[in-house]
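>>> predicted model, plus sequence, below.
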Amino acid sequence: MLKYIGKRILGSLLVLLGVVTITFLISRVLPSDPAVKWAGQRATAEQLEQAREELGLNDPLYMQYVEYIGDLLHGDLGKSLKTHKPVSEELGEYIPATLELVIMAFVLAIVLGIPLGIYSAKKKDKMLDHASRVFSIGAVSLPTFWVALFLQLIFYKTLNVLPLGGQVSVTATIFESRPHITGLLLLDCILTGKFNLFMDGLQHIILPCITIALYPIGLVSRMTRSALLEILNEDYIVAGRSYGLTEFKMLWKYALKNSLGATATDVALSMGYTLTSTFLVEAIFSWPGIGSYITSSITSLDFPAIIGVTIFGAVSYIILNLIADIIIATDPRVRL
Amino acid sequence: MAFFEIHDLVVKHKSFEGVKTVLDIKELKIEKGETYGLVGESGQGKTVLALTILKLLQCPPGIIESGEILYEGEDLLKKSQHQMQRNIRGQKIAMIFQDPMSCLNPVFRVGTTMIDVLKKNHKGMNRKKAYAEAIRLLGEVKLADAESIMEKYPHQLSGGQRQRVIIALALCCGAEFLIADEPTRNLDVTIQASILKLLKELQEKYNITVLFIANNLSLVSAFCDKVAILHDSKIVEEGLVEQVVREPKDEYTKVLLEAVHTKSQENLDVVDTDVLLKVDNIKKYFDINDEIKHQKHQTLKAVDGVSFELKKGEVLGIVGESGCGKSTLVNTILGLFAPTDGKVFFDGVDVYDDLKKNGNAFKKNVQIVFQDPFWSLNPRWLIKDIVAEPIDVYEKLGEQERLKRVVELLKMVGIPENACYKYPHEFSGGQRQRIAIARSLASNPKLVVLDEPTSSIDVFSQKQILELLKDLKDEFHLTNILISHDLGVVHALSNKIAVMYLGKIVEFGPADEIFKNPIHPYTKALFDAIPDLETIGMEGLKTLEGQIPSPINPPSGCTFHTRCNQCCEKCKEKAPEMFWVNENHYVNCTVIAEN
Amino acid sequence: MKNIKQSLKPKIDSFKKSLYLLAKNKLSLLALIILVLIVLMAIFAPWIVPHPEDIADETHITEKFLAPSAAYFFGTDELGRDIFTRVIYGARVSIWAAVLAVGLALIIGVPLGAIAGSIGGKVDNVIMRITDVFLSFPPLLLAIALVALLGSSLTNATIAIAISWWPWYTRLVRGQAISVKERKFVQAAETIGTSRMKIIFKHILPNTISPIIVQASMDMGGVILTVASLSFWGLGAQAPMPEWGLMISNGQSYFPDKWWCCIFPGIAIFITVLCFNLLGDAVREILDPKTRKK
């Protein structure tokens, strides 16, 4: 088991190297001159040359590659073309807010998606199953950015019960200063007992959280349903019934454990989708996370920042898949 | 009123083709303590009946149209799912399924499942008592080391062990009526015999009534008191086993009986004495790399030093239980696997050498007919293209010429020419096997391998296919290698036999001699384990105890010594040497050689 | 002629069977009908829209931001263009882009998967490691990076989506190929001596078609969403192209006062994607051999 995990981690590192290579190729080989971006459109030839030197663009490609990998190993993602600050530093500022949003959305997806899927499988072809299927297929068919706008229309404009955007309102921070322990606002507020600020933060997170969670809820419940239905048709379930075991036990004990592997994979997969849809939603809700960062980077064509975010996304995705694989490996069939 | 009765039961199945009757039983009566056999080929509704009795049939697509199923006078069809689950399933009626692998939940230990079932069926039984009871039951089904079996997952058990666990599970419930749905279907013959014996013993001990479902009459003749023959969803004949076997009335029963009769071989003398195939000490090892456990490099010795010669026009039957390496041997001879060691000469030419030098040209000479005609023909190709595949490889023919050849070949195997523009799924199993045979002859091969050629097709076609194979062999002067677990088929076709055990040939010689007088202890055991119609009842059925050892770690000395009843000390240490009984017949056995 | 008829028969049978299974699920049938309507609308857009000139940079200053009415079903946008016209035209843009992206991804992914699965060994290893690398980018993110560097345009967005999408097909086809390889007809072909390439492309590949079709049809919805997302971000279609995502992005500045600028293109995306997903689900059920047997 441990050896398997070790092997998977090694595999993930190799994949990571591949990811980095691709991003390197994208950023260096594609027809665009980083020096121009660095020095600005109106730079003189001299300034451009200087910029090239500074960015190491005059070295042969393989040297640049080695240097690039070396920098990455030190956590150096290059400098932002816009602010000229290290990308890793900037990412560090934005990551916690995104993390908070994604975690919240995920808790929602698992807490709602899995039971919905189970229930739907149990009541196959009954009204409830149809309703939940329509809901989950609907949920994965909605453009997230549009849902964001729609929710704003209802809850801010029409009902005026929830704020339009931001992570916390300015007025709230006047009375209670923002705590910084873990970087996750809500968690920090609980840790420091700042109740009002917590409530304010909670109000802000509701809309973006629902928007983001919609997709994974739909996906997870759909996948759970189909995995369960497949298992409920297996011979050993029929056999279990023939021994007189209750349907309740068949579903909650026997079938569910078998579908764990499939569900874990799906959760990891939908997490990847969520991460990217988060980016779009953050921009709409002016949430101070990576999404807002990459949106502004795209507008200003700040390549190191874009590549930095891409690498960050890939790394988190690889870690997620690794976790899913480890969960699957707890299945005795795989442990063989 | 009998213990169990079925009256006018009609079950239908709804599909896009419309509604089809899958079961139409006028009457069926089973007395308490009786063993009742139900025989029919696959697709005749046997399993549907089993599921219907327990109300486990999926509806839709199934429709239980009418009838009643009376258990001690109560109609099961009138009961609700809940009543069935609470009072009937397990407690009164239990079931043993076909495939022991797929009906044990793979992610739970054996013990977990057993304790769950015990706790449900015995009110107030606590975990500890259930555990003790489970251990006792595993002992009842003769599983050694019950404690460790409890901790194991299904995939860690062998096929025979799994089926014993399934039987233990059925016992768990204390049912009085047991439905055994082809309980030995995927098991080896030697294991099959011991499972049947076990069932019989338990049945007598606990006074259980058994409905035994099988697809062949010989099993039923050994095991049951009464038998019913199911054909086209109806019972066509019913009666005491002896009566049905000795004096069958229905045409279908007669066909079934003929299928299991061991047919003796007429004149298959070989005139031509040139050696066509010489297999010289062939070995084929597979590396096993365990991805997850990352174990040390292991080798599976699938074929471990096999030599024999085959003359032109001969038919060699290779028999042995699954996993003995017969398919690997054949695939290695055909050049599909590169051998680990050894040589094969075909018509005096070194095959592996030739494959390296001339590519696939050698393959023209050898062809194969597979067991399952459903997967051996590409479902997306037209018949004309399937049959012409070898022609396309070795000859370049124009479309007209090609079609002409295809039609000729099809005619030879008795398929009408309008088949050319059809797809495989439009044909029955027997017809497909004919098409596969036509394809195997398209390149004018000298050697045709028959890999269980009749075991996946219905009994009506089996006999015809055998006849066809015999005719074609004479017409094309073919040499055949026949792999089969069905001794009847082997007996009917071959004039030489090789018995394999764990990658080695243990006995080799003329078919008649071996069938009349098997010498090696394994050959004897194998022949004895197969029920035939001559013996009615279980007495004639001898069992071979013990599991087949793993070919990864074969036993020392003679690989058969762990299960051999004549084993001596020497067998455990030294591998046996070839002992020639006469000039055509040898065995690998130390004991025989010494006496 | 007779021969052709005969060879078509199984196909007709299987088509009938599919229709039967589809008709059993009313919702999917409805989805199919709507989808056919949408595709027809997309094809005949130039002839059926009330204001064909509005797909370009036309400005009608006097008519800007009109709320939905009988004259303008979906209202007008900041340049006074008819949103209804643009939404209908948007179907043309989105579906075409999605078909292109999926098609391109199939062209790259399917042969690679067939080769990897059929040959196995080192070839398989190399192809699958490359696939793994591409799969380890969260969906969309690689496309974003690519478009950001290639330059924003609908064509580049389509290419970028295909580049980040093909590995899914490779993986799928490889798995299928491995299972088809085990079938006896492949072994039979090997004994016959049929060449390896012929085995891969004539024996194995045709038998992997069904799951490919299922996956591709299920992906259409996702790809349409991705195209819209990229356009919303300004990385896909450029003004004045009537692309749904782009229209929502434009309308966002006037949201929520002029809600119709965003809401209608959104509904268009939703309905189209929903229909594709419903249909994908149904197609999966139809082609699934387990349900098909019944």
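It's in.
>>> so what's the residue count around residue 302?
Using chain A. 24 (other Cβ atoms under 10 Å in any protein chain shown). For every residue, glycine as well, the C-beta is placed using N, CA and C.
>>> my question was about chain B
23.
>>> how about the stretch 51-200 of chain B: which residue is closest to chain A?
Using Cβ to the nearest Cβ, the single residue of the stretch 51-200 of chain B nearest to chain A is B:G90, 3.1 Å away.
>>> excluding sequence neighbours, find me the nearest residue to the residue nearest the centre of chain C.
In chain C, the centroid-proximal residue (Cα atoms, centre = their mean) is C:M220; its distance is 2.3 Å. Among residues not flanking C:M220 along the chain, C:F276 sits closest, at 4.4 Å (Cβ to Cβ, 6 or more residues apart in numbering or on different chains).
>>> what's the helix or strand for the residue in the stretch 101-250 of chain A that chain B sits nearest to?
Among all residues of the stretch 101-250 of chain A, A:G244 sits closest to chain B, at 3.1 Å; criterion: Cβ to the nearest Cβ. Using DSSP states H and E, A:G244 sits in no helix or strand.
>>> that one reaches B:K119, doesn't it?
No - using Cβ atoms under 8 Å, A:G244 makes no contact with B:K119, being 11.0 Å away.
>>> when those two are compared, which one has more neighbours?
A:G244 (24 against 18).
>>> shaky segments in chain A?
For chain A, the stretches flagged by pLDDT under 70 are A:1, A:29-43, A:55-57, A:331-336.
>>> hang on, B:P518 in a strand?
No - assessed with DSSP: H, G, I helix; E, B strand; the rest coil, B:P518 is coil; it does not lie in a strand.
>>> and the closest residue to it other than its chain neighbours, how many residues sit next to it?
Distances taken as Cβ to Cβ, 6+ apart put B:K524 closest to B:P518, at 4.9 Å, once the chain neighbours are dropped. By other Cβ under 10 Å, the residues close to B:K524 number 17.
>>> show the average pLDDT along stretch B:366-385.
Per-residue pLDDT values over stretch B:366-385 give a mean of 86.
>>> distance from the chain centre to the helix ranked longest in chain A, please.
If you go by DSSP state H, chain A has its longest helix at helix A:195-232. Centroid separation for helix A:195-232 versus its chain: 13 Å, with Cα atoms, centre = their mean, to the nearest Å.
>>> up against chain A, what does the stretch 101-250 of chain C have?
Proximity of the stretch 101-250 of chain C to chain A, by Cβ under 8 Å from any Cβ of the partner chain, involves residues C:129-130, C:132-134, C:136-142, C:144-146, C:148-150, C:221, C:225, C:228-229, C:232-235, C:245, C:248.
>>> just the buried subset of those residues, please.
C:130, C:132-134, C:136-142, C:144-146, C:148-150, C:221, C:225, C:228-229, C:232-235, C:245, C:248 (16 or more other Cβ atoms under 10 Å in any protein chain shown).
>>> so which of the residues you listed belong to strands?
With strands taken from DSSP state E, there is no overlap with these.
>>> filtering these by proximity to chain B, which remain?
Checking those against chain B by Cβ under 8 Å from any Cβ, not one of them is in range.
>>> now do the buried residues in the longest helix of chain A.
A:197-198, A:200-201, A:204-205, A:207-232.
>>> keep only those residues that also lie close to chain C.
Checking the buried residues of helix A:195-232 against chain C (Cβ under 8 Å from any Cβ), the matches are A:E230.
>>> tell me where the model's unsure across the stretch 151-294 of chain C.
Looking at the stretch 151-294 of chain C by pLDDT under 70, you get C:287-294.
>>> tell me where it has helices.
C:154-181, C:184-192, C:196-198, C:209-232, C:244-252, C:260-287, C:289-293 (DSSP state H, counting those that start in this stretch).
>>> measure how the fifth one sits relative to helix C:209-232, angle-wise.
What that stands for is helix C:244-252. Helix C:244-252 and helix C:209-232 are oriented at 20 degrees to each other (axes from the mean of the first three to the mean of the last three Cα atoms, to 10 degrees).
>>> who in the stretch 101-250 of chain A is up against chain B?
So far as Cβ under 8 Å from any Cβ goes, the stretch 101-250 of chain A lies against chain B at A:234-247, A:249.
>>> quick one: buried ones out of those?
Buried, going by 16+ other Cβ under 10 Å: A:234-245, out of those.
>>> what's the farthest-apart pair in the residues you listed?
Across those, no pair lies farther apart than A:E234 and A:G244, at 17.8 Å, counting by Cβ to Cβ.
>>> so what's the residue count around B:N207?
Going by other Cβ under 10 Å, the residues that sit close to B:N207 add up to 9.
>>> show me what contacts the residue of the stretch 101-250 of chain A closest to chain B?
B:85-86, B:88-91, B:117, B:120-121, B:173 (Cβ atoms under 8 Å, 6 or more residues apart in numbering or on different chains).
>>> okay, those in CSV with neighbour count next?
Formatted as CSV, these follow (neighbours: other Cβ atoms under 10 Å in any protein chain shown):
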residue, neighbour count
B:Q85, 23
B:R86, 15
B:I88, 22
B:R89, 26
B:G90, 28
B:Q91, 18
B:V117, 25
B:K120, 23
B:N121, 20
B:C173, 23
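>>> ok, of the residues you listed, which one's closest to B:E247?
Of the contacts of A:G244, the one sitting nearest to B:E247 (Cβ to Cβ) turns out to be B:I88, at 37.5 Å.
>>> I'd say the closest one and B:S80 touch.
No - B:I88 is beyond contact range of B:S80, at 10.7 Å (criterion: Cβ under 8 Å).
>>> so what sits against both of these two?
Residues touching both B:I88 and B:S80 (Cβ under 8 Å, 6+ apart): none.
>>> poorly predicted segments of chain B, please.
Using pLDDT under 70, the flagged stretches of chain B are B:16-17, B:60, B:260-272, B:289-297, B:532-541.
>>> quick one: residues contacting the residue lying closest to A:L108 once chain neighbours are set aside.
In space, and not counting its chain neighbours, A:L108 is closest to A:A213: 4.0 Å by Cβ to Cβ, 6+ apart. Listed by Cβ under 8 Å, 6+ apart, the contact set of A:A213 reads A:104-106, A:108-109, A:112, A:274.
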